Each structure stands twice: as C-alpha cells, then as structure tokens.
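[1] Sequence and predicted structure below; questions after.
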Amino acid sequence: MSSVRRSQWPLPALALALFALGGGAGRGQDATLPDLQIRATPGGDVGGSLPEAADAPDDSAPKPKPKTPKKPKPGDLPPLRPYPGAQRLGLRGGPPDRNLDPTGAPLDLTAPGPTIAAPELAPKRRKIAEDANPFDPVGLRVGDVDVKPYVEEDFGYASNPLGAASGPKGSMLSTSEAGVDWQSVGGRNDFHGELKGGYTDYFATPEASGPYGSGIVDEKIEATRDLTFDDEGRFAIAPQSLSNFGVATGASGTNPYVAVSTFGGTFGATETLGKLSLGLHASYDREAYQNAVLFGTDGRGLAADDYNDYGLKFRAAYRIAEALSPFVEFGADTRRYDSGADALGYLRDSNGVTAKAGVTLAFSQQLTGEASLGYGERTYQDARLPQAEAPLVDASLIWSATPLTTLTLKAQSALNDSILAGASADINRTYTIDISHALTRAITLGLTGTYGTDEYVGVSSRDVNETLGLKAEYHINRDVVVKASATHQIYLSNLPKQGSVGDVFLMGIRLQR
C-alpha cells in the first residue's frame, strides 16, 4: 500500500509545473512575474526557486581586441551609406519633417540602414596655374643652363643711309642676325649672358654696309656667405658715321663710315658686413678703329687712335631696407695709346678720376634699378689739350606702371676721348625712354625716344642726336615672331653744312627656341 502511494507523489508535482508554466498564465496570472523553475528531486520532491541573478562580469577574463578596419583594396566598393540629401523627406523648398515620411505616416525608426553603396564624390579639379608669358621661348637645357638661340631676317628701306646733309640717297636694305641668350638654373652661383651678330647690306649704297655685333657674359661666384666674386666680359662692334665723332662727313678720303670695336672685362669681389657691403673691381677696355684716313692727317689712319684703358673702382653700399640701398663709388683709370700720338699728332695719354653717390632700388616689380649723380675729370699728357671735367648723371630704372605697360628710363654720361684736332674730350650724355605695352598676349607695341648730346672740350663744337622709333611684334607662337618698326633720326651740329635727317622702315621674322 505504501509502495503505491510513493509511486503517485510525482503526479501532483508535474501538475503544479504545468499549471505554473502555462495554465496559470492563461487564467489571468500576471505574465510579468518571474517564471518558476520546477525540478524533481531524486526523492520525488518538487522544488522551485526564483531565477538567479545574472552573473557579474569577470574582470580577469581576457577582453576581445577591437577590430581594426580593413584598408580598402583596389576595386573594393565604398562602405554603405545614404546618398547625400536622402534625409530630405518634406516638400521641395521647405524644411523637412524628420518624423514623417512623404505620405505622412510615422517613420519606422527601426528600419535597416542603406543597402546601396553611394559612389565616392569626384575630387575637385586642380586649377592649372596661368602662364604669365605664354609666348616666351622655351629654350634648350644644356647641363644646368637654359640656352635660347634665335635667328632673324629683316627687309626694309632707309631714306638716308650715308647721313648726307643734302641730296640724300635712299636704299633698300636687308639685315641678317643670329644670337643666343643663356641663364644658369639653380645653385648658389649665377652665370648668364647674351651674344648677337649680324650684317646690314644696303643695296644702293654698299659703302654704308657692314657687320655689327655685341655680347656680354656675367658670372657670380659665392665663395662664402659674405664674400662674392664676380666677373664680366663684353664686346661690341658697329659701323659708325664720322659725324658721330664730330668730323664732317666729307672729311674722309675713303669711307664716311668707320668700324669701331670695343672689348674688355671686369673682375672683382664684394664683402658683406651685416648691412654694409664693400666692393672692389678692376677693369680693362680697349677701343680700336678701322684704318680710315682723314684729310689733313698726312695719310695717317685712325688706327693711331687705338688705346687701352685700365681702371679701378671702389663702392660702399648700406642696405637701409630690402628695397633701398644708398651707395658711394670712387674710380680711377689711365688710358694709353698704342702709338703714343694720335692721327693728328696729339699725345692723348690721360688719367681720370670719378666720384658718384646714388641709390639702388628694388620695390618688388614696381620699380627696380639704380640712379647716381657724380663728377669726373681727365688730364692729358699733351699741354695743348685742356683738362676735361663735367658732372655725371647715370640711371637705369624699370617701372611697371601696369601689368601690361612697362617704362624703361636710362641716362648715361661719359668723358670719351676725341679725334678732333684741339679737342681733348667728348662729354657724351644720352637719355632714353622706352615704353612697352602688351595690347594682347600675342601683340606688343613699343615706343622709343632717345636724346643725346656731344660737347667737345677745347673747340666750339656741339652735336645733337635725336631718335624716335615705333615697333610692333606679333607672336604667332613661342617659336615664330613677326616684327615691324619705323625709326626717325635727326642729327644736328653747330658746324656749317652738317646735319642730316633720315627714316628707316623694317619688317621681318624671328625664329627662336
């Protein structure tokens, strides 16, 4: 009997478990109450317990390492994200209501995120810098030097190529010229220069034809931070009318033109002491004349007037600001003639001194250059030649009036030797103004005016040279330039039957690289 009762004990426990799990909840019990856990004991007893609290985190357990984002590989799609502007759900032009969709129904904030990969926005295009000089020659790179060669051919007409005072004879002409410019690139030292040479052929007046050329080579070497060495070589050759030397055009027994060549060099050093710089330079120049014969010289040619000039200059400059540096300069030179006496028998060996004070300007690109005022004098070996002395004005200024217009102002003064009988020196002063205007990127117009005077010491002779020129250049591309120019020349003299007027018109083409 007792064995039967013991076998029936688990039945009430099973019923109670079913009631707690399902039946009780279906009869209105609070579903929020915690579920009872029913278990049968080995003895048939049924026990219940409340749900155990969640286990506390174990600080000693190893923490998972944060995942590092994978680097995108070429060809991978961008990460999922909404398109820009997808949050605008309201009417166009009005503020969007982020709680309603376009139909007015509440938004499902638990909706999944975007499922379409928005493409990456295209990067902004890099703005290409505009070339300020689109028609400048490209040049050739030779080592670390940019070389820019060119050739030019011009044809035209000259109304008075011989500079005749009366009855001028015009002539067609052609000019062929070739040259090269170069400039070093990079490095502490500087090396630049230019060379050109050509020939002018007058078809109707061949006696006025002749070669011409000029060149200058400059080098600057920085030995230390404060010590700089520099040197320069130069030359020039050009046919000049005897009227340029104050001699009457008909005073030559052979040719009214004389080829005059000059060449020389300068070498020196500049030491910088803070804002003070001290420079010392030595120079050598030689002037030679073609062996033309003048009347009244007993057959002696102008080659007797060839001479050498040896000079020395000292300059001290103080930099007040980056754009302003005043300076003083002192110079001395001596001239020695090859034959001792010139074609007229004068002993023209001489010594000269000069003193100048000026300022160097460098106001960005608006105004750059140098200007000075000074005084010079020369004494001659021959007692018949009076001492020459005169104030000296020198300037070379470049003013960028506008981005399209540039003005260049030059003033030069010099005590040159004379070939006139009884005249010791020629006080030469020349003033030049040049205006260049870029009408378009390809078309440049220019205006040039020159005024020069020659006053001869010891004789009552004075000459005036005036020049007015117009020019235009059309750049077809970087390699081809079409040129045209017109020049009006006036020569005046206080000597009788002297003076001339002439015009020169030229048109040509320049090939450059």
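    Right, received. Where do you want to start? Residues are numbered from 1 along each chain as shown.

[2] Can you list the strands that the stretch of helix or strand residue 214 belongs to pairs with?
    When elements are assigned from DSSP states H and E, residue 214 belongs to strand 210-222. Next to strand 210-222 in the sheet, as set by DSSP bridges, lie strand 190-202 (antiparallel), strand 227-241 (antiparallel).

[3] outside of the first one, which residues touch it?
    Taking contacts as Cβ atoms under 8 Å, 6 or more residues apart in numbering, the residues outside strand 190-202 that touch it are 145, 152, 158, 161, 171-184, 208-220, 239. For glycine as for every other residue, the C-beta is placed from the backbone atoms N, C-alpha and C.

[4] For the residues you listed, which ChimeraX command selects only the ones that are buried?
    Those of those that count as buried under 16 or more other Cβ atoms under 10 Å are selected in ChimeraX with:
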select :152,158,161,171,173,174,175,177,179,180,181,182,184,208,209,210,212,213,214,215,217,219,220,239
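
[5] And stretch 389-409, how far out from the chain middle?
    Centre-to-centre, stretch 389-409 and its host chain are 19 Å apart (Cα atoms, centre = their mean, to the nearest Å).

[6] then it to PDB, C-alphas only?
    Taking Å, rounded to 0.1, in the frame of the first residue of the first chain, the C-alpha atoms of stretch 389-409 are listed here in PDB:
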ATOM      1  CA  GLU A 389      85.600 117.900 -66.300                       C
ATOM      2  CA  ALA A 390      81.900 117.600 -66.100                       C
ATOM      3  CA  PRO A 391      79.000 116.400 -63.800                       C
ATOM      4  CA  LEU A 392      77.900 112.800 -64.500                       C
ATOM      5  CA  VAL A 393      74.400 111.500 -64.400                       C
ATOM      6  CA  ASP A 394      73.700 107.800 -64.700                       C
ATOM      7  CA  ALA A 395      70.500 105.900 -64.200                       C
ATOM      8  CA  SER A 396      68.800 102.700 -65.300                       C
ATOM      9  CA  LEU A 397      65.200 102.300 -64.000                       C
ATOM     10  CA  ILE A 398      62.400  99.900 -64.900                       C
ATOM     11  CA  TRP A 399      58.900 100.900 -63.800                       C
ATOM     12  CA  SER A 400      56.000  98.600 -64.200                       C
ATOM     13  CA  ALA A 401      53.200 101.200 -64.500                       C
ATOM     14  CA  THR A 402      50.600  98.500 -65.000                       C
ATOM     15  CA  PRO A 403      50.700  94.700 -65.600                       C
ATOM     16  CA  LEU A 404      50.600  95.500 -69.300                       C
ATOM     17  CA  THR A 405      52.800  98.600 -69.500                       C
ATOM     18  CA  THR A 406      56.500  98.900 -68.700                       C
ATOM     19  CA  LEU A 407      58.700 102.000 -68.800                       C
ATOM     20  CA  THR A 408      62.400 101.800 -69.000                       C
ATOM     21  CA  LEU A 409      64.400 105.000 -68.300                       C
END
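
[7] State the number of residues packed around residue 312.
    14 (other Cβ atoms under 10 Å).

[8] Next, the contact list for it, please.
    So residue 312 contacts 280-283, 331-333 (Cβ under 8 Å, 6+ apart).

[9] 7 Å instead, please
    By Cβ atoms under 7 Å, 6 or more residues apart in numbering, the contact set of residue 312 is 282, 331-332.

[10] How confident was the prediction at it?
    At residue 312, the pLDDT value in this model is 97.

[11] measure it to residue 415 for me?
    Counting by Cβ to Cβ, to the nearest Å, the gap between residue 312 and residue 415 amounts to 16 Å.

[12] One more: residue 315?
    Counting by Cβ to Cβ - residue 315 and residue 415 are separated by 19 Å.

[13] Those two: which is more packed in?
    Neighbour count, other Cβ under 10 Å: between residue 315 and residue 415, residue 415 has more, with 21 against 18.

[14] can you confirm the more buried one is in a strand?
    Yes - assessed by DSSP: H, G, I helix; E, B strand; the rest coil, residue 415 belongs to a strand.

[15] pretty sure it contacts residue 428?
    No - taking contacts as Cβ atoms under 7 Å, residue 415 lies outside contact range of residue 428: 8.0 Å.

[16] and residue 452, bridged to which residues?
    residue 430, residue 465.

[17] hang on, it packs against residue 426?
    No - using Cβ under 7 Å, residue 452 is not in contact with residue 426, being 11.2 Å away.

[18] between the two, which one's more packed in?
    The neighbour count for residue 452 versus residue 426, taken as other Cβ under 10 Å, is higher for residue 426 (23 against 17).

[19] who does that one bridge with?
    Going by DSSP bridges, residue 426 forms beta bridges with residue 416, residue 456.

[20] And residue 179, by the same measure?
    Under the criterion used (DSSP bridges), residue 179 bridges to residue 150, residue 196.

[21] Where does pLDDT dip in the stretch 51-200 of the chain?
    Low-confidence segments of the stretch 51-200 of the chain (pLDDT under 70): 51-70, 72, 74-121.

[22] any chance of the strands paired with strand 210-222 in CSV, with distance to residue 391 too?
    Putting the strands paired with strand 210-222 into CSV (distance: least, Cβ to Cβ, whole Å) gives the following:
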stretch, distance to residue 391
strand 190-202, 32
strand 227-241, 25
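
[23] wait, which of those strands is closest to residue 434?
    strand 190-202 (17.2 Å; Cβ to Cβ).

[24] Of all the residues in the closest one, which ones are buried?
    Across strand 190-202, burial judged by 16+ other Cβ under 10 Å covers 191, 193, 195, 198, 200, 202.

[25] And the last one, how far from residue 508?
    The gap separating residue 202 from residue 508 is 16 Å, by Cβ to Cβ.

[26] got it, and the second one?
    Look at residue 193 and residue 508: by Cβ to Cβ, they are 24 Å apart.

[27] same question, the fourth one
    Separation of residue 198 from residue 508 (Cβ to Cβ) stands at 11 Å.

[28] can I assume residue 286 is in contact with residue 265?
    No - the pair residue 286 / residue 265 is not scored as a contact, 10.1 Å apart, by Cβ under 7 Å.

[29] Next, the angle strand 227-241 makes with the lengthiest strand in the chain.
    The longest strand of the chain (DSSP state E) is strand 257-273. Between strand 257-273 and strand 227-241, the angle comes out at 170 degrees (axes from the mean of the first three to the mean of the last three Cα atoms, to 10 degrees).
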